[in-house]
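1. after the sequence you'll find the predicted model.
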Amino acid sequence: MAFSIESLRAQHCVPRKGKDAGLDAAGIADALAVLPGWERTADGGGIRKEFRFPDYFRTMAFVNAVASIAHREDHHPDLEVHYDRCVVHYSTHDVGGLSLNDVICAARVEDIRAA
Ligand SMILES: C[C@H](O)[C@H](O)[C@H]1CNC2=NC(N)=NC(=O)C2=N1
């Protein structure tokens, strides 16, 4: 399966449950190839990216935009919030690893940065 960031942005999350709903290693690699700066977590079960900002206010504006995506897509990242940076971490609890939902949301977070 080959991805483009546009094809990811054109999709919305749907409930995905169970191991068979996960992305395989090739799918994960294809998706990461179109998501600049995103990487697999050390345990391989998620993807993460650190976003840097000039100050706390701008960091929180980003956090709120990510929260809005989470609410709209019903798919929720773990966030590490610091004064001038936020680490976004996506995984799909219901599949015990990565699913298409994670890369769809990562593509939407990239849109925030483009705005
Ligand atoms: C029904 C609903 O889609 C599920 O409970 C969603 C909610 N948000 C979620 N967020 C994340 N990160 N993983 C999930 O498996 C998940 N499941």
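-> Structure's in. What do you need? Numbering: from 1, shown residues only.
2. from now on I want contacts and neighbour counts done on CA atoms only, so please keep to that.
-> OK.
3. for residue 55, see how far away residue 106 is.
-> Going from residue 106 to residue 55 by Cα to Cα, to the nearest Å gives 22 Å.
4. can I get the one helix or strand residue 30 maps to as CSV, trimmed to CA atoms?
-> Per DSSP states H and E: residue 30 is located in helix 25-33. C-alpha atoms of helix 25-33 as CSV (Å, rounded to 0.1, in the frame of the first residue of the first chain):
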residue,chain,number,x,y,z
ALA,A,25,5.5,-3.1,8.9
ALA,A,26,5.4,-2.2,5.2
GLY,A,27,2.4,-0.1,5.7
ILE,A,28,4.0,1.8,8.6
ALA,A,29,7.1,2.4,6.6
ASP,A,30,5.1,3.7,3.6
ALA,A,31,3.2,6.1,5.9
LEU,A,32,6.3,7.4,7.7
ALA,A,33,7.8,8.1,4.3
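5. and it, what's buried?
-> By neighbour count with 16 or more other Cα atoms under 10 Å, helix 25-33 contains the buried residues 27-28, 31-33.
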